[in-house]
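Asks: structure for the following, please:
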Amino acid sequence: MSTNERYINPIIPGFNPDPSICRVGSDYYLVTSTFQYFPGVPIYHSRDLVHWDQIGYCLTRESQLDLEGCKSSMGIYAPTLRYHEGRFYMITTNMNRYRNFFVWSEKPEGPWSDPIWLDWPGIDPSLFFDEDGRVYLSGTNVLGSDEIPGIYQAEIDIATGNLLTKRQLVWGGTGAQAPEGPHLYRIEGMYYLLIAEGGTEYGHMVTIARSKSPNGPFESNPNNPILSHRSSNHAIQATGHADFVQKEDGSWWAVFLGIRPVSVPFVGRYHHLGRETFLAPVSWSIENWPVIDFRKETFEKMQLVQCLVESQQKTEIDEFDAKLLQLNWNFLRNPKAEDWSLEERPGWLTLHGSETSLNDIGSPAFIGRRQQHFRCTVSTLLNFQPAGEGEEAGLTVFMNERFHYEIAMTLDLYKRRKVILRRRIGSLWKIEHEVVIDYSTIVFGIEADPSNYRFFYSEPKGPTKYLGSGECSMLSTEVAGGFTGVYFGLYATGNGRACTVPAHFDWFSYKSE
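Replies: Okay, here's the model as predicted:
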């Protein structure tokens, strides 16, 4: 792929922030942040930097990823992926325990090792393997600590995780807030330190410095930032937190996060798909500084291709016939084995609703997948016979425990089976619509466009009936807060006590337009 070719951006759509990339021969591997979702840190594979397939997760066991009691948008922050002498290393922060660690594997799809915990404060840890065999750990301090804001570094024993040198400040950035997300490279005999600044919002940017030594002092690029869409009308905003990779042909590329905000007249911009992974070419100036091509016309070309591709309908259906869940499914925090099964009723996903609901900081009987397209339709077939008041199961659009919509089947005080549409916006929640039904097998669905979700239901072979709608903006980061994106989820709950009967889901369909 040359820098003149057009390609699809984002290269990994939907909630996939803080990308980190490495190349092994002709293969590229990339990881992103997952916060409170389990399994943690998806790993993607590509041969061309454009087409990506998920091949596994780095954190698949509770011994690797403790999310008990994890608040939304805490958990796993900003992983870095590197390869050295036959091993892949993934280093990250679990903000649920305020600890940094790394895991390793000889195969990118795993299994990955148990964590090697580090005596290293702060967030966004990164590894650099130098040509002389030394290994460097870099990261940033947590906001509010006593340390001077900036990038800190030490030499590390990669076998044990022990520090070999004192932690020291190597660069404070350009003066913008929140210098973070460091990555160190050796290129043509010089050491380049790439970081993010400005906060991971509309002021986000990428800056870089260089030195003759990995320990500094680092000279700031006079043309910083080398990537930012702040104070612009670009369709892609909040660009930052980048990582470099060099192709076999010698060309350089950057992966980075960005958002695609939707404009609401008289309201402003909002984004609900989360921070996504983008790609841009990197060139080098006469002074040997990297230049990321973020010109408006470049991104307009990318947007054009994206629109053309998304106009072609694509349907993904999970029949729940396998023994394992497909890789695109996630749980909220550490799942309870007794809450779900693919074997209890073969060909169906069975959820046993617990006392935990979607409103709780816990692990409800829930599996979800990212919303990756503005225009899409999801649907599922549910078989459920609630036997007690408060028992419910259905389909949710979920941002976090305080902001979500759901269409569900439940039983009311008078033992009547109902379909309900509920919206929770912060401390306010309301059942917008409800309909009494007399059947136990039902299709639930959601149609999404950039502005609204429309909720519908039907008997398995009956006509579609629309129950109501909800604004996408109410589930956006600008309203709901946090660092994640929207999920479509299947769930069951007893709303304070365990359900007496299971909920069975026969299939789940995701159709993008």
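
Asks: can you map out the strands along the stretch 251-400 of the chain?
Replies: Counting by DSSP state E, counting those that start in this stretch, one finds strands in the stretch 251-400 of the chain at the ranges 252-259, 262-264, 268-270, 276-284, 290-292, 314-318, 331-332, 340-341, 349-351, 365-370, 376-384, 392-400.

Asks: with the stretch 401-513 of the chain instead?
Replies: Along the stretch 401-513 of the chain, counting by DSSP E, counting those that start in this stretch, strands occupy 403-411, 417-425, 428-436, 441-448, 452-458, 465-471, 487-493, 503-512.

Asks: related to what we said a few turns ago, tell me which of the strands of the stretch 251-400 of the chain sits nearest to residue 32.
Replies: Residue 32 lies closest, by CB to CB, to one member of the strands of the stretch 251-400 of the chain: strand 276-284, at 6.3 Å. For the C-beta atoms, the positions are set from N, CA and C on the backbone; glycine is no exception.

Asks: on that earlier part again, hey, which of the strands of the stretch 401-513 of the chain is tucked in deepest?
Replies: strand 487-493 (a mean of 26; mean count of other CB atoms under 10 Å).

Asks: if you count contacts, what does it end up packed against?
Replies: Other elements packing on strand 487-493 under the criterion 3 or more CB pairs under 8 Å, 6 or more residues apart in numbering; DSSP states H and E are strand 349-351, strand 365-370, strand 376-384, strand 392-400, strand 503-512.

Asks: CSV for the ones you listed, including distance to residue 343 and mean pLDDT?
Replies: What follows is those, written out as CSV (distance: least, CB to CB, whole Å; pLDDT from 0 to 100):
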stretch, distance to residue 343, mean pLDDT
strand 349-351, 8, 98
strand 365-370, 15, 98
strand 376-384, 16, 98
strand 392-400, 19, 98
strand 503-512, 12, 98
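
Asks: tell me the most buried of those?
Replies: Across the helices and strands packed on strand 487-493, the average number of neighbours (mean count of other CB under 10 Å) peaks for strand 392-400, which reaches a mean of 26.

Asks: give me the distance between that one and the centre of its chain.
Replies: Per CA atoms, centre = their mean, to the nearest Å, the displacement of strand 392-400 from the mean C-alpha position of its chain is 18 Å.

Asks: repeat that for stretch 105-118.
Replies: In terms of CA atoms, centre = their mean, the centre of stretch 105-118 is found 20 Å from the chain centre.

Asks: then stretch 58-75?
Replies: With CA atoms, centre = their mean as the basis, the distance from the averaged C-alpha position of stretch 58-75 to the chain average is 14 Å.

Asks: follow-up on the earlier one: closest one to residue 243 among the strands of the stretch 401-513 of the chain?
Replies: Residue 243 sits nearest to strand 487-493 of all the strands of the stretch 401-513 of the chain, at 25.0 Å, using CB to CB.

Asks: show the average pLDDT along the closest one.
Replies: Across strand 487-493, the average pLDDT comes to 98.

Asks: in CSV, list the strands of the stretch 251-400 of the chain along with distance to residue 46.
Replies: Formatted as CSV, the entries for the strands of the stretch 251-400 of the chain read as follows, by distance: least, CB to CB, whole Å:
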stretch, distance to residue 46
strand 252-259, 10
strand 262-264, 28
strand 268-270, 30
strand 276-284, 10
strand 290-292, 19
strand 314-318, 19
strand 331-332, 26
strand 340-341, 31
strand 349-351, 30
strand 365-370, 18
strand 376-384, 23
strand 392-400, 29
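
Asks: among those strands, which is nearest residue 411?
Replies: In terms of CB to CB, the element of the strands of the stretch 251-400 of the chain nearest to residue 411 is strand 392-400, at 7.9 Å.

Asks: so what's residue 478 closest to, chain neighbours aside?
Replies: Take residue 478 and drop its neighbours on the chain: the residue closest to it by CB to CB, 6 or more residues apart in numbering is residue 270, 4.4 Å away.

Asks: residues contacting that neighbour?
Replies: Applying CB atoms under 8 Å, 6 or more residues apart in numbering to residue 270 gives the contacts 261, 262, 264, 472, 473, 476, 477, 478, 479.
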